[in-house]
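> A predicted structure for the sequence below; I have some questions about it.
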Amino acid sequence: MSIWEYANPRRFMATSTAVLPWVWTAAAVLCATGLIWGFFFTPEDYRMGYSVKIIYLHVPSAFIAINAWFMMLVASLIWLVRRHHVSALAARAAAPIGLVMTAVALLTGAIWGKPMWGTYWEWDPRLTAFLILGLFYLGYIALWSAIEAADQAADLTSILCLVGTVFAVLSRYAAHFWNQGLHQGASLSLDAEENVADVFWLPLVVSLAGFVLLFIALVLVRTRTEIRRRRIQALAARERLA
Amino acid sequence: MDLGKYAFDILLAYGLSGILILGLVLQSVLASRAARKRLEEAEK
Amino acid sequence: MIALLLRDLRLAIRAGGGFGLGLAFFLILATLVPLAVGPQPDLLAPIAPGILWLGALLACLLSLDRIFALDLDDGSLDLLATAPLPLEGVAATKALAHWLTTGLPLAIAGPALSLLLFMPAPAVPWLGLSLLLGTPALSWIGTFGAALTVGLRRGSLLLSLLVLPLYIPTLVFGAEVVRRGAEGLSPATPLALLAGITLGCIGLLPFATAAALRINLK
């Protein structure tokens, strides 16, 4: 059997009904483990003090915020090429999650930035690119909700997603270029992989896995909602014709 | 437990993120339930 | 294609179709900024490149929703879709017409308005050049956005929300050219990147625009 069988909405509903409780449980367990471990049982960082605990929210949410867009891109491509409705609806379902995760990443970053850098906001390329990513999510969601004809909306948002990806990547490089042009070398590197010791690393990985599962669970739930809404619309249309 | 001088910032970060993420989860679940109910009614 | 271009140009000029509108908006913005932040030259000079680029961008945005909306209303868009000219060509022509009526006048007016904002003299030619090179990208991106929202009744607000994020790279590089020009640095790198974005937009976006139009006309 191939993965495309799940493109059948009925098949998708059946499988996701079976899988969802497990995904929810695993997401809850991993998120709770990672966050509680990180919050209560990790030492102080010698440079950042206890404020390092924010990392267990900041890095996973940022990770999801970026990868949700990639998932939307892949789902949009599948929709444009193979016309599977579940795929288009999954892209739609992922966008609000990505937006919330972007907000969480920016928010935790701002709160973390205040004690560390002395400012809530800095026009650092990374921060700027994230803010721009948030704007792209907003535009995408706005376009989805503005168009009533369902297939048309799926087509147009897919095209926007493709074009938007190119411009989002361009903006990221533009932001890099622009800030270097302003004040050289004022980089605020936050690369967790580089400077995080094992004590912080393990709970971080656990909570990262938890966020990924949470994302999957949310996408499944929201896609199911969209499928049902679509069916309600279809039923209503049939009734009107009858 | 003692969080040092950053206690407020840490709790604020966790609190706000918790509200946002739990809000999203709640909204997703409620919307899903509402859609299921309406679908069941429509199918009758 | 040329006939379509001429028709669009004539419509834009004749029927008050927004030809002078963008330009007037640009002028008003350049007048309002000193009134808002104060008339001191040392205050205005450093922000002049950014303000002028931002003004050009917003002036471009103003006339975007007219690109396809009028043609959709009177049915000529359906005719164009069935015409022998491929829809990609229609998209490119529409964008070119928009640029000739909006972008080009802005690029010419920009250096003149820079005097109002006390922009340093060495930066003035760079402003003209960067606007000349950058505004086509704005028109082509805007045409794509207009094609996405053509069927919507209240599309113009959504159009700005969709198009403005796409304008970011153009804005960054365009303003950077002028800023470097003002500081006496070499603006060659951002200028090349700006030209690259414009060429990429001109070459590739008509396909996305045409795809969006086809979906909207279905």
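Cool, got the structure.
> From the structure, what's the count of residues near residue 35?
Chain wasn't specified; assuming chain A. A:L35: 22 surrounding residues under other CB atoms under 10 Å in any protein chain shown. C-beta here means a position set from N, CA and C on the backbone, and glycine is covered the same way.
> oops, I was thinking of chain B
That count, for B:A35 with other CB under 10 Å as the rule, works out to 19.
> does the helix or strand harbouring it come close to chain A?
B:A35 belongs to helix B:7-43 when assigned by DSSP states H and E. Yes: contact of helix B:7-43 with chain A (CB under 8 Å from any CB of the partner chain) involves B:7, B:9-10, B:12-14, B:16-17, B:20-21, B:23-25, B:28-29, B:31-32, B:35-36, B:38-39, B:42-43.
> Show me what that helix is packed against.
On a contact count with 3 or more CB pairs under 8 Å, 6 or more residues apart in numbering or on different chains; DSSP states H and E, helix B:7-43 meets helix A:55-82, helix A:85-117, helix A:198-241.
> could you say what helices and strands the last one packs with?
This points to helix A:198-241. Contacts defined by 3+ CB pairs under 8 Å, 6+ apart place helix A:198-241 against helix A:9-40, helix A:55-82, helix A:85-117, helix B:7-43.
> how far away is the residue in chain C positioned nearest to chain B from A:A175?
Across chain C, the shortest distance to chain B (CB to the nearest CB) belongs to C:L161, at 21.4 Å. According to CB to CB, to the nearest Å, C:L161 stands 20 Å off from A:A175.
> And the pLDDT for the residue nearest to A:F200 when sequence neighbours are not counted?
Excluding its sequence neighbours, the residue lying closest to A:F200 (CB to CB, 6 or more residues apart in numbering or on different chains) is A:T42, at 5.9 Å. pLDDT for A:T42: 77.
> ok so A:T42 is a strand residue?
No: A:T42 is assigned coil when assessed by DSSP: H, G, I helix; E, B strand; the rest coil, not a strand.
> Next up, the contacts around it.
Neighbour list for A:T42: A:52-53, A:199-200, A:203 [criterion: CB atoms under 8 Å, 6 or more residues apart in numbering or on different chains].
> ChimeraX command for the buried members of those?
One line in ChimeraX is enough to select the buried members of these, burial here meaning 16 or more other CB atoms under 10 Å in any protein chain shown:
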select /A:52,53,200,203
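> Heading C-terminal from the helix or strand harbouring A:L138, find the next helix or strand.
Element membership for A:L138, per DSSP H and E: helix A:125-146. Per DSSP H and E, the first helix or strand lying C-terminal to helix A:125-146 is helix A:150-182.
> That next one and chain B in contact?
No: contact of helix A:150-182 with chain B (CB under 8 Å from any CB) is absent, the minimum separation being 14.4 Å.
> Which secondary structure elements does that helix sit against?
For helix A:150-182, the packing partners by 3+ CB pairs under 8 Å, 6+ apart come out as helix A:55-82, helix A:85-117, helix A:125-146, helix C:124-148, helix C:155-183, helix C:188-217.
> tell me the angle of that helix relative to helix A:198-241?
Helix A:150-182 and helix A:198-241 meet at an angle of 150 degrees, taking axes from the mean of the first three to the mean of the last three CA atoms, to 10 degrees as the criterion.
> sorry, back to before: report pLDDT for the residue of chain C closest to chain B.
So C:L161 comes in at 90 (pLDDT).
> Also A:T225?
Here the pLDDT value assigned to A:T225 is 93.
> now it: how far from C:A210?
Distance of A:T225 to C:A210, computed by CB to CB: 33 Å.
> dump the residue contacts of the residue nearest to A:L156 when sequence neighbours are not counted.
In space, and not counting its chain neighbours, A:L156 is closest to C:L148: 5.4 Å by CB to CB, 6+ apart. Taking CB under 8 Å, 6+ apart, we find C:L148 in contact with A:143, A:156, A:159-160, C:159, C:162, C:212, C:216.
> and residue 40, how many residues sit next to it?
I'll assume chain A. 10.
> my bad, the chain I had in mind was chain B
By the measure other CB under 10 Å, the count of residues near B:E40 is 11.
> Tell me the predicted confidence for the residue nearest to A:L156.
91.
> go on, C:A95?
Looking at C:A95, its pLDDT is 91.
> go on, the one 4 residues further on?
Turning to C:W99, the model gives it a pLDDT of 91.
> any idea how far C:F144 lies from C:D8?
Using CB to CB, we find C:F144 at a distance of 17 Å from C:D8.
> Tell me which of these two has more neighbours.
Each of C:F144 and C:D8 had its neighbours counted (other CB under 10 Å), and the higher figure belongs to C:F144 (30 against 21).
> ok, now which ones touch that one?
Contact analysis of C:F144 by CB under 8 Å, 6+ apart lists A:163, C:91, C:166, C:205, C:208-209, C:212.
> for A:H176, same thing?
By CB under 8 Å, 6+ apart, the contact list for A:H176 reads A:125, A:129.
> please redo it, this time with the cut-off set to 7 Å
Neighbouring residues of A:H176 by CB atoms under 7 Å, 6 or more residues apart in numbering or on different chains: A:P125.
> What pLDDT is listed against it?
For A:H176, the pLDDT comes out at 78.
> Could you report the separation of the residue nearest to A:L156 from A:G139?
Look at C:L148 and A:G139: by CB to CB, they are 10 Å apart.
> for C:P136, same thing?
Note on C:P136: its distance to A:G139, by CB to CB, is 22 Å.
> And for C:T189?
Relative to A:G139, C:T189 is positioned 29 Å away (CB to CB).
> for A:R172, same thing?
A:R172 is 16 Å from A:G139, by CB to CB.
> Kindly report the same for A:G109.
Applying CB to CB to A:G109 and A:G139 gives a distance of 22 Å.
> Sort out which residues of the lowest-mean-pLDDT helix or strand in chain C are buried, please.
The weakest-scoring helix or strand in chain C, judged by mean pLDDT, DSSP states H and E, is helix C:2-14 (a mean of 73). Judged by neighbour count using 16+ other CB under 10 Å, the buried positions of helix C:2-14 are C:4, C:8-9, C:11-12.
> what do you get for stretch B:6-26?
For stretch B:6-26, the neighbour count (16+ other CB under 10 Å) marks B:6, B:9-10, B:12-14, B:16-17, B:20-21, B:24-25 as buried.
> low-scoring stretches of chain A, by residue?
Residue ranges of chain A with pLDDT under 70: A:1-6, A:45-48, A:179-199.
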